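Asker: need a 3D model of the following:
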Amino acid sequence: MSGEIDYGNLMHTAMRGLIRSVLDGVAKDGLPGNHHFFITFDTSHPDAELADWLSDRYPGEMTVVMQHWFDNLDVGDEGFAITLNFGDAPEPLYIPYDAIKTFVDPSVEFGLRFESPDDGEEDDAVALEDIPDDIDIEVSEDQGSKKDADVVSLDSFRK
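Answerer: Coordinates of the predicted model:
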């Protein structure tokens, strides 16, 4: 046994478990009320699965919005699969929990940010004042009967 408790890793595991629990509830019951999620993930993660045109367009990270249109949400132990609409083109994605960089639900001012060990920072809650109100949506919204998802420009999150 190590001489120290690895609080950083324990917190990392707990926060990713929280995301899994939230998504599991959404998969069973849908999004309640005004809840919606901005999920930023590492598109180069070895277990992430996305269309080539998306990984070419977003070679490092991408932010998706789960709100009005999504389908086939399947929550697993290591990540989740979901189909999102990108400009009227449904695309399946698989996002490992380890690939998630931020998870934000602006409807209740909740957010988590995961820093990589190379960043030299601990995992932390996202301060919602760090996320501007004028988030640049790059893909038009589909106002159909299903739930909508959009890609958000990461430049809008940068200071």
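
Asker: tell me how many other residues crowd the nearest residue to residue 33 once chain neighbours are set aside.
Answerer: Leaving aside its chain neighbours, residue 33 sits nearest to residue 107 (7.0 Å; criterion: C-beta to C-beta, 6 or more residues apart in numbering). From N, CA and C alone the C-beta is placed, and that goes for glycine too. Counted by other C-beta atoms under 10 Å, the residues lying close to residue 107 total 14.

Asker: neighbours of residue 24, how many?
Answerer: Considering only other C-beta under 10 Å, residue 24 is surrounded by 14 other residues.

Asker: state the mean pLDDT of the helix or strand where residue 24 lies.
Answerer: Assigning secondary structure by DSSP states H and E places residue 24 in helix 7-29. For helix 7-29, mean pLDDT rounds to 92.

Asker: who are the packing partners of it?
Answerer: Applying 3 or more C-beta pairs under 8 Å, 6 or more residues apart in numbering; DSSP states H and E, one finds that helix 7-29 contacts strand 70-75, strand 100-105, strand 110-113.

Asker: as CSV, those strands with mean pLDDT would be great.
Answerer: Below are the helices and strands packed on helix 7-29 laid out as CSV (pLDDT from 0 to 100):
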stretch, mean pLDDT
strand 70-75, 93
strand 100-105, 94
strand 110-113, 91
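
Asker: a markdown table for the ones you listed, including mean neighbour count?
Answerer: Shown next, in a markdown table, are the helices and strands packed on helix 7-29 (neighbours: other C-beta atoms under 10 Å):
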| stretch | mean neighbour count |
| --- | --- |
| strand 70-75 | 16 |
| strand 100-105 | 22 |
| strand 110-113 | 18 |
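
Asker: among these, which is nearest residue 56?
Answerer: Of all the helices and strands packed on helix 7-29, strand 100-105 sits nearest to residue 56, with 19.3 Å by C-beta to C-beta.

Asker: so that closest one versus helix 7-29, what angle?
Answerer: Put simply, strand 100-105 runs at 50 degrees to helix 7-29, going by axes from the mean of the first three to the mean of the last three C-alpha atoms, to 10 degrees.

Asker: what lies in contact with strand 100-105?
Answerer: With C-beta atoms under 8 Å, 6 or more residues apart in numbering as the test, strand 100-105 has contacts from 16, 19, 22, 35-42, 61, 63, 110-114, 126, 128, 131, 157.
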